[in-house]
Each structure stands twice: as C-alpha cells, then as structure tokens.
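S.K.: with the sequence up front, the predicted model follows.
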Amino acid sequence: MAHNKIVWFRKGLRVHDNPALLEACRDSKHVYPIFIIDPYFLKNSNYKVGVNRYNFLLESLSDLDQSLRLRGSRLLVLRGKPQEVFPRIFQQWQINQLCFEVDVEPYAKSRDATIAQLAAAAGVTVSSHVSHTLYDTEQLIAQNNGKVPVTMQSFTKLIDKVGDPQAALLAPAIIPPPGPFDELVSVPTLAEVGFTQAPTTIFKGGESQALARLEDYLRDTKWVCGFEKPQTDPSAFLRPATTVLSPYLKFGCLSPRLFHQQLLAIYRVAKGQHSKPPVSLRGQLLWREFFYTAGSNTPNFDVMAGNPLAKQIPWDTNPVYLAAWKEGRTGYPWIDAAMRQLAEWGWMHHLARHSVACFLTRGDLYVSWEEGKAVFEELLIDADHFLNAANWMWLSATAFFNQYYRVYSPVTFGKKYDPEGKFIRRFVPQLAKLPSKYIYEPWTAPLDVQQRCGCIIGKDYPYPIVDHTAISKTNMARMKAAYEANKDPAAAAAAANSEDDGDDDVTKSSRASSSTRRAANGSSKRRTGVVAAAKRGGAA
C-alpha cells in the first residue's frame with residue numbers, strides 16, 4: 001500500500017546521508033518535504049538571530065529546494081507554530097507517517113514530544129532518525145554506564161570502545177512528488193521575516209556549498225594529515241586557516257558522518273602518519289560530539305544557575321563594557337578586529353574566539369560568559385546551542401577547563417601570528433595607516449604619528465578600556481576566591497547571588513605612563529595575562 005508521508009526538515013538541510021528522507025520515500029505515493037518558519041526563533045525565545053545567520057538559513061533552504069526539484073520534488077516552506085500547523089496538514093494531506101531527524105536541544109525535544117502526541121491523535125506514525133551527530137548520544141551515555149563524560153580524554157576512550165560511526169547514506173535518486181497543496185510554500189525573503197538590514201557575511205549557505213568546501217579542503221591530503229587546530233593562524237582571512245565547515249554542520253547542510261568517513265579514508269592512505277584527536281580534523285568532530293553528548297544530558301547546560309557542571313562565579317554586570325566588547329571598541333585592536341570580523345562575517349577563527357571570550361570574562365572585563373554566549377548566539381552563522389555554551393564555559397574557566405591563570409594577552413597573542421597587523425588593518429580601518437610597531441598598541445604611538453596616520457587615539461579610536469596588565473592580576477585573585485568558594489556549596493551559592501563589587505560606570509584615570517591610558521571600573525583593578533592556548537577544538 002502506498003502512503004502519504006511528510007519529511008520534516010529542521011536541521012539536516014541536505015539530501016545526502018538523510019535517513020529520514022529515505023524512510024519517507026519508502027513505499028510512498030506522495031512525500032511532502034516541509035520546513036516550518038517557526039516564530040519561536042524570531043520572536044518568542046531568548047535567542048536573538050542576526051541577519052547573517054538567518055540569511056544563511058534561507059540560502060540553505062533555497063539550495064535544498066533545488067536539490068529536491070532535481071529529484072522530482074520540491075520544498076514546501078510553511079509558516080506558523082508547528083503545533084498549530086501539523087494538525088491541519090495531517091488532515092488535509094491525509095498523512096500516514098511523519099519522518100524527521102532527531103534533535104536533542106531542549107526546545108526541540110519539548111516541541112517534538114508535543115508533535116508526536118498530535119501525530120498519535122491523528123493516527124500518524126512517527127519515525128525519527130539520528131543523523132545530526134556521528135552517534136546516538138543517548139546510546140553513548142548508555143555505553144558509559146549512564147554517566148555523562150566530562151573530559152575529552154574519557155569521551156575519546158568511550159568512542160574508541162564504541163567504534164566508528166555508521167557510514168553515510170547516499171541521496172535518493174528520485175523522490176515521490178508531493179500531492180496537491182494550497183498554501184504559500186516558497187522560501188521567504190529576509191524582508192518577509194522581518195529583517196531590514198542586508199547580510200554581510202562572505203559565506204553562502206547550502207548543501208552544494210558545503211560539499212564544494214569539503215572537497216576543496218580535503219583535496220590537500222598533506223594539509224589534512226598535518227592539521228593541528230591550535231597551530232592554525234587566527235589572523236588568516238584571505239583564505240581561513242580552518243575549513244569553515246562549522247556553519248554547514250550546524251544547519252546540517254553537511255553530514256558529520258560523511259565528513260568523518262572521508263577523513264578516515266585519507267588517514268588510511270597515510271598509514272598512521274597523521275595528526276590525532278583532539279587536535280586533528282577528526283578531533284574537531286569528536287569535540288562536537290563530546291559537547292552534544294554532555295550538553296544534551298546535563299540540565300541547564302546553557303546557563304550557570306542550576307548547571308551541575310558550572311562553577312558559580314559572581315561575575316560583574318557591566319553593560320558599558322559589554323557594549324564596547326560587542327561593538328569592537330575596547331581599545332585593543334586584536335580584540336576589536338576579531339569582534340568586527342564577527343559582526344561582518346558571522347564567523348571568526350576558534351583561537352580568535354578564545355581571545356575575545358577570555359577578554360570578556362576572566363581575563364579583563366569580568367563579565368559573565370552568559371552575556372558573551374548571547375552575543376555569539378546572535379552574530380555567529382555557526383552558533384550551535386551546545387557548542388556555544390560549552391566553549392564559553394571552557395574559556396571562562398567555568399567548566400571543562402580550570403587553569404584560570406592562563407590568560408590570553410590582547411596584545412602579544414595576535415602579534416605572533418600577524419606582526420604586520422594585516423588582520424587589524426582589514427577590520428579596524430581607522431588603524432590602517434599606522435606603522436606596524438604601533439598597530440597592536442596604538443596608544444603608544446607619538447601624537448605626530450597619530451596625526452600623520454589620520455587616527456587620533458581617544459578621538460578616532462578609543463584608548464584601552466582597561467589596563468590589561470593590572471586588571472588581569474586582580475581578576476586572577478577573584479577567580480581564585482571563586483574557586484575556593486565553589487569548594488563549599490553554600491558559599492558558592494552565596495557568591496553567585498552576591499551584588500557586584502564594582503561600580504558599573506567607566507571612568508578614565510590620567511595616563512600612568514607615556515605608553516598606556518588606563519580605565520577603571522569603580523575601585524576595581526585589572527589583571528595580567530600570560531598567553532596560552534588551551535589545546536581543544538572549536539569551530540572548524
């Protein structure tokens with residue numbers, strides 16, 4: 001008997017390695033491929049979605065529509081709350097089965113449970129399939145005796161025990177067409193969903209873009225085998241030093257299993273002469289898997305309160321500092337260039353993410369990692385619920401990483417990769433004419449040099465918002481105290497709920513020397529940092 005089925009795309013915006021799509025095609029008369037423009041992600045959630053990421057989504061939907069049309073079908077983009085859309089289309093389209101990819105994010109789990117109940121009430125069977133991750137994260141927890149792995153080392157041992165993931169599946173050659181429909185089903189424009197500004201990212205969404213980028217980077221097998229994430233250059237922008245496949249993995253335009261499978265094929269030819277996890281390219285996929293597994297099985301994973309993995313730290317509330325950081329006007333060109341790249345491109349290298357996250361939190365500004373996470377959630381095209389939270393906890397030394405005394409210098413870290421400051425000149429054009437000797441510390445340039453270069457510090461570009469050398473020492477002491485408090489649960493709870501101990505108003509002191517101008521936050525002092533890159537994965 002031929003059936004009418006819906007394949008519901010949410011992530012997994014691809015036709016390759018899509019088990020839900022293949023199941024929908026099996027024994028079917030009509031297959032309705034749908035995507036629902038859910039107002040939750042635009043209006044009703046705590047998340048803010050920036051124009052670059054939403055445009056990347058729309059491009060991915062258009063690309064998916066083209067792939068479906070080549071196979072005799074098309075994408076039907078519906079509007080509304082899923083719990084209101086499905087009862088109507090179950091009846092109108094006389095649906096027998098609903099197929100979709102498993103999504104383990106908190107909102108998705110709640111949504112899918114509701115839709116499963118509605119399907120049961122309508123006599124519709126539900127078929128869900130794991131394909132957004134390499135493994136079924138619930139099965140990984142079961143294999144780990146019900147325990148959540150909290151270190152990459154323990155997670156890698158678990159993966160070694162489980163073995164390689166399932167092979168990637170081929171795309172269907174033909175898809176049964178949808179039956180009659182009488183709704184607006186085209187991919188909307190940005191204006192239709194409420195955006196007035198134009199996107200500025202250089203990265204285009206879609207499965208075809210993902211596969212082309214994968215082929216481009218994996219073609220150089222020597223580079224693949226020698227890849228070590230901490231050794232890549234965060235200042236490279238003409239051709240990024242990493243694959244920039246993370247947004248395609250985020251939206252499911254690229255199957256992680258296909259990526260993993262092709263990496264293993266290259267490694268086999270290399271006969272063991274290749275980099276290994278956690279720093280290798282395969283290691284980056286395992287970091288993603290680790291954070292999905294830990295995050296989907298930890299309550300309140302994306303916040304500090306009620307999160308059993310997160311240290312309770314009494315961060316400052318300082319909207320002035322937060323805004324300066326977000327807008328790339330901290331007075332530290334390396335930090336500001338990275339944040340301006342984020343705003344323009346919706347992406348930055350993972351070591352640049354390390355720098356700006358450390359600067360915002362334990363390094364300099366002592367603002368909560370949750371505030372930084374929200375900014376990344378808005379601006380990143382690869383913003384991923386679990387990865388974003390995990391990386392912010394890591395870099396703020398809240399969870400996963402406890403060497404809070406290892407701080408990125410906002411001056412010397414970038415300089416070792418890009419001594420001429422090409423990255424800064426590209427994203428902070430006010431400083432473009434400054435001699436290289438001053439590019440990372442423009443406040444040290446003599447006034448006549450500033451005038452000649454058309455950039456007066458304090459007028460055309462700000463003085464440093466804090467004195468890094470001083471404040472980093474203060475913040476290390478605060479982190480040490482917070483760590484001590486966390487040894488006593490009662491003290492930790494009290495610390496987390498305490499009032500901020502500094503004045504939120506930013507006041508500038510007189511210049512303490514000819515080379516620096518300091519800013520103070522009430523009576524707070526700032527701290528010094530040594531440069532260190534934690535050898536872990538992030539955005540690919």
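M.R.: Sure thing, it's come through. Quick caveat: nothing in here was measured; it's all calculated off a predicted structure.
S.K.: hey, which strand is longest across this protein?
M.R.: Identified as the longest strand of the chain according to DSSP state E is strand 28-37.
S.K.: check what contacts the helix or strand following that one and list those residues.
M.R.: Counting by DSSP states H and E, the next helix or strand C-terminal to strand 28-37 is helix 51-69. With contact meaning C-beta atoms under 8 Å, 6 or more residues apart in numbering, helix 51-69 is reached by 9, 13-15, 33, 35, 42, 74-75, 77, 171, 175, 187-190, 193, 195, 197-201, 203-209, 247, 251, 253, 345-346, 379-381, 383. For every residue, glycine as well, the C-beta is placed using N, CA and C.
S.K.: do that again at 6 Å, thanks
M.R.: Residues outside helix 51-69 that contact it (C-beta atoms under 6 Å, 6 or more residues apart in numbering) are 13, 15, 33, 35, 74-75, 187, 190, 195, 197, 199, 201, 204-208, 251, 253, 346, 381.
S.K.: check which residues of it are buried.
M.R.: For helix 51-69, burial by neighbour count (16 or more other C-beta atoms under 10 Å) applies to 51-65, 67-68.
S.K.: same question, stretch 162-178
M.R.: In stretch 162-178, counting by 16+ other C-beta under 10 Å, buried: Pro165, Ala168, Leu169, Ala171, Pro172, Ile175, Pro176, Pro178.
S.K.: can you tell me how far Thr200 is from Ser246?
M.R.: 18 Å (C-beta to C-beta, to the nearest Å).
S.K.: out of those two, which sits in the busier spot?
M.R.: With neighbours defined as other C-beta atoms under 10 Å, Thr200 and Ser246 compare such that Ser246 has more, 24 against 13.
S.K.: so where's the chain shaky on pLDDT?
M.R.: 1, 43-47, 488-540 (pLDDT under 70).
S.K.: would you map the strands across it?
M.R.: 3-9, 28-37, 76-79, 97-101, 125-129, 506-508, 519-521.
S.K.: got the contact list for the most centrally placed residue in the chain?
M.R.: Nearest residue to the geometric centre of the chain (C-alpha atoms, centre = their mean): Ala383, 3.2 Å. Applying C-beta under 6 Å, 6+ apart, we find Ala383 in contact with Phe376, Glu377.
S.K.: and the gap between it and Gly372?
M.R.: For Ala383 relative to Gly372 (C-beta to C-beta), the value is 12 Å.
S.K.: likewise Val148?
M.R.: Val148 is 24 Å from Gly372, by C-beta to C-beta.
S.K.: can you list contacts of stretch 327-336?
M.R.: Against stretch 327-336 from outside (C-beta under 6 Å, 6+ apart): 324, 339-340, 356, 359, 410, 414, 424, 428, 431, 440, 462-465.
S.K.: correct me, but Leu13 touches Phe251?
M.R.: Yes. Between Leu13 and Phe251 there is a contact under C-beta atoms under 6 Å: 5.3 Å.
S.K.: what's the closest of the contacts of stretch 327-336 to Pro277?
M.R.: Val356 (25.4 Å; C-beta to C-beta).
S.K.: for the closest residue to that closest one other than its chain neighbours, list the residues it contacts.
M.R.: Excluding its sequence neighbours, the residue lying closest to Val356 (C-beta to C-beta, 6 or more residues apart in numbering) is Ala338, at 5.2 Å. Neighbouring residues of Ala338 by C-beta under 6 Å, 6+ apart: Met348, Ala352, Val356.
S.K.: swap in 7 Å and give it another go.
M.R.: When contacts are counted by C-beta atoms under 7 Å, 6 or more residues apart in numbering, Ala338 touches Met348, Ala352, Ser355, Val356.
S.K.: for the residues you listed, which single residue is the most surrounded?
M.R.: Val356 (30 neighbours).
S.K.: can you give the contact residues for stretch 151-164?
M.R.: Taking C-beta under 7 Å, 6+ apart as the rule, stretch 151-164 contacts 135, 140, 143-144, 149, 264, 277-278, 286-287, 290, 293, 536.
S.K.: which of the residues you listed has the most neighbours?
M.R.: Within those, most neighbours by other C-beta under 10 Å means Phe290, with 30 neighbours.
S.K.: what separation do you get for that one and Leu431?
M.R.: Taken as C-beta to C-beta, the span from Phe290 to Leu431 is 38 Å.
S.K.: Leu218 and Val224 touch, don't they?
M.R.: Yes. Taking C-beta atoms under 7 Å as the definition, Leu218 is a contact partner of Val224 at 5.8 Å.
S.K.: hang on, the earlier thing: check the contacts of Ala338 and tell me the two furthest apart.
M.R.: Checking the contacts of Ala338 with C-beta to C-beta, the most distant pair is Met348 and Ser355, at 9.2 Å.
S.K.: report the angle between the longest strand of the chain and helix 51-69.
M.R.: For strand 28-37 against helix 51-69, the angle by axes from the mean of the first three to the mean of the last three C-alpha atoms, to 10 degrees is 170 degrees.
S.K.: report all helices and strands that strand 28-37 contacts.
M.R.: Judged by 3 or more C-beta pairs under 7 Å, 6 or more residues apart in numbering; DSSP states H and E, strand 28-37 is in contact with strand 3-9, strand 76-79.
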